[in-house]
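>>> Here is a sequence with its predicted model. Questions after.
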Amino acid sequence: MRRGDSPPHDLRRASRWVGESQDDAVGPQGAALILELQRLRQAFEQEQPDAPHEAKARRPARESLRPAPRQRTRQRKHKGKMGRALDVCLEQLGLSAAAPAARRIEPPPEPAAAPTRRRNEHVHEPAVTPVARRSEHGRKEAAAPAWRKSEPARELPIDPPPDRDRPILAPDDPSLINVMRPGPELPGAGDKHRSAGDKHRSMHIESPRLTLSPPQVSAKPATAVGQLIESCRVGLTTGVAFLVNRDGVADNDNARGESLALRTGRAFEGELRAGLRVLLSVGLVAGGLAVLMPMAGAVVVPGNLVVQSNVKAIQHPTGGVVAEIPVHNGQRVGAGDLLLRLDATQAQASLQMVSKQLDEARARIARLEAEREGAAQLEVPPELSARSAEATVRTLLASEQQLFKARANARRSQTDLLQSRVAQLGEEIAGLDAQVDSKSKQLELIAGELTGVQDLYDKRLVPLTRLTTLQRESARIEGERGQLTSAIAETKSKIGEAQLQIVRLDQDFRTDVVKELGENQAKEAELVERGVAARDQLERIEIRAPNSGVIHQLSAHTIGGVIRAGDTIMEVVPDLDDLQIEARLQPNDIDQVRMGQKAFIRFSAFNQRVTPQLNGQVSYVSADTTRDQQTNAPYFTVRVTLPEEERRRLVGQQLVSGMPAEVFMQTGSRTMMSYLLKPITDQLQRAFVER
């Protein structure tokens, strides 16, 4: 940047010179620091031989105050509302939006006579007091000193110092100094003739404070909401303008004529802008991921591996005494192999007793059926005929045959007796009939004789006694014939009674036979059931494996020990069934689990670094809750099936029943923002509900 070039930015400030009246605000240490900084600036100017104005910078202070011809400056570009708002915000923070390329340097006024100081009063460097005024564009600029009203200001080009990062200076910091002002010359021949006032004036400082022009703000809103909105708008536009660097000032723009403070400030502004851009980019990316990227939800429950057909518990319904234990824990057995044998003495005795009672009942039923049918011979049932060679069956059949014959003979004797009685009564009836016929014939003879005597009596040939005697005889014979007829009827009645007894005897016998037959048939059925139970009990003396597997939790270890009914003797874990993961689901999560739902399984027993996560599917959900036997806590039973291709992913690792697992049953997906806002929305829904 040449001496004659005008600054490209509209943020210019004239440095403020202060008089000796403010020396007490710095102190001797500050004065020494200012002197060192001015010497450092001269050293920087000596390192730039191509600067045409280097010699002029070393001229005495009185020559530097000589007015210079005013140079043409470029017309400044007015900033918009956003830029001015950004400048105001940075000014409030003690920052500068852009550094000017050159500064307007006003010559300091001629210092007045130094006032008389007290004894032992130290000399202090002046403190900078900022005084601002309004420019023609509404910007706030430093007020000119008193001597400026009479002497026009001039712009002096300043050589650019070496490239250094510019610090951010607070606008009201009294320690701000102008390191661009020429410092005291190095000691020379003419230094001893310099007056004390010149030496003191050479230590005057300049404040390189950077200010921003305030934005042209419209009328202030009347309401608090409007003011809040306007403040937000101004702050937003200011921040955006700062981030996008709307003024177009490069962070590494090392223009000539700029001070070290301006360069350092611009570098710091660039770093701040880059950092804010990075933070904003990271925030936007994180916010976009939180709003747009879905996160899958899952119901996590612990579980363990179980066989599909469950572990087989070996029990005995009636119990007994242990006679033999041919297996042990961990032994692999096949289907039908002998696991345990009990003592068979009691079962065999019970079966024999039931079998004997059943044979007796069957033989008795065969006899009763023959008596009911009136058969002359007992028919042996097929169940007994097949065992007729056995002594017990042969003896039983012989006794029933004898009883059959004896009962038949007794019934026949009673029938013959009644039949003979009926025949006797029939003969009596025949004799009475003959007497009745004789009486009838006598009556016929008397009747004829009576007719003749009646005629003779009518003729008065015979006496009356003869007539009455015949009449009396006829009546007597008639009475006797009636008695005979009555006797015949009575005898016939006796015959009927005898015949009825014969029939009743047969009917009573049959009734007894049928009744006894029914009772024996019922007893036979009962004995058959008891025989089946006794036979089953005898068969259960030998406990065999229901399927192939491994013996687990064997509880019987003593020969002769007693096993109670229903106790679990051992368990057989099937080795050929598919393995499933059984988990206990809390009742509050049952609405998120269904049949066929996708699930992820992680086995905690394996090395998590090399073991993959397996995919499964929910194959079973219990219809109702089950309560834990120890804690009485309710839960739903859920089973997850592992496909064969997923199990093949476990290379070199074997799944064993009972192995712990962690099941992730996948539910609907939500974004991170939904996870963060869900508790708040739930509380709001509860808060705005009226009872």
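Looks like it arrived, so ask away.
>>> average pLDDT across stretch 470-485?
Regarding stretch 470-485, the rounded mean pLDDT is 82.
>>> quick one: contacts of that stretch?
With contacts defined as CB atoms under 8 Å, 6 or more residues apart in numbering, stretch 470-485 is touched by 432-433, 435-436, 439-440, 442-443, 446-447, 449-450, 453. The way it works is simple: take the backbone N, C-alpha and C, and place the C-beta from them, glycine included.
>>> Can I have the buried ones of the residues you listed as a ChimeraX selection?
Remark: buried members of the contacts of stretch 470-485, expressed as a ChimeraX selection using 16 or more other CB atoms under 10 Å:
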select :432,435,436,439,442,443,446,450,453
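>>> Sitting in helices, which of the contacts of stretch 470-485 do you find?
Among the contacts of stretch 470-485, the ones falling in helices (DSSP state H) are 432-433, 435-436, 439-440, 442-443, 446-447, 449-450, 453.
>>> Was I right to think Ile325 contacts Gly561?
No - look at Ile325 against Gly561 with CB atoms under 8 Å: they stay out of range, at 9.2 Å.
>>> Who has more neighbours out of these two?
Ile325 (18 against 11; other CB atoms under 10 Å).
>>> Now do the same contact list for the more buried one.
Going by CB under 8 Å, 6+ apart, Ile325 touches 340, 554, 556-557, 559.
>>> Which secondary structure state does Glu637 sit in?
Small correction: residue 637 is Thr, not Glu. Look at Thr637: counting by DSSP: H, G, I helix; E, B strand; the rest coil, its state is strand.
>>> Helices of this protein, start to end?
Here the chain has its helices, by DSSP H, at 27-46, 54-57, 61-64, 81-93, 196-201, 224-244, 260-292, 345-373, 382-385, 391-458, 464-539, 644-647, 672-687.
>>> for the protein, which spans come out with low pLDDT?
Residues of the chain meeting the criterion pLDDT under 70: 1-30, 43-220, 246-258, 688-691.
>>> sorry, back to before: now the helices of the chain in JSON lines, with distance to Asn310?
Below are the helices of the chain laid out as JSON lines (distance: least, CB to CB, whole Å):
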{"stretch": "helix 27-46", "distance to Asn310": "90"}
{"stretch": "helix 54-57", "distance to Asn310": "100"}
{"stretch": "helix 61-64", "distance to Asn310": "105"}
{"stretch": "helix 81-93", "distance to Asn310": "73"}
{"stretch": "helix 196-201", "distance to Asn310": "105"}
{"stretch": "helix 224-244", "distance to Asn310": "67"}
{"stretch": "helix 260-292", "distance to Asn310": "46"}
{"stretch": "helix 345-373", "distance to Asn310": "29"}
{"stretch": "helix 382-385", "distance to Asn310": "42"}
{"stretch": "helix 391-458", "distance to Asn310": "47"}
{"stretch": "helix 464-539", "distance to Asn310": "24"}
{"stretch": "helix 644-647", "distance to Asn310": "19"}
{"stretch": "helix 672-687", "distance to Asn310": "39"}
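>>> what about those helices, which gets the closest to Pro302?
Proximity to Pro302, assessed across those by CB to CB, is greatest for helix 644-647 (19.4 Å).
>>> buried ones in the closest one?
Quick answer for helix 644-647 (16+ other CB under 10 Å): Glu646.
>>> what's around the closest residue to Glu449 other than its chain neighbours, how many residues?
Among residues not flanking Glu449 along the chain, Leu470 sits closest, at 5.7 Å (CB to CB, 6 or more residues apart in numbering). Counted with other CB under 10 Å, residues neighbouring Leu470 total 18.
>>> Likewise for Arg277?
As a measure of burial, Arg277 has 13 neighbours, counting by other CB under 10 Å.
>>> now do Leu340
For Leu340, using other CB under 10 Å, the count is 22.
>>> In contact with the nearest residue to it once chain neighbours are set aside, which residues?
Among residues not flanking Leu340 along the chain, Ile543 sits closest, at 4.3 Å (CB to CB, 6+ apart). Residues near Ile543 by CB under 8 Å, 6+ apart: 314, 316, 338-342, 569.
>>> what's the most distant pair in the residues you listed?
His316 and Leu338 (13.9 Å).
>>> Comparing those two, which residue is more hemmed in?
More neighbours surround His316 than the other of His316 and Leu338, with 20 against 14 (other CB under 10 Å).
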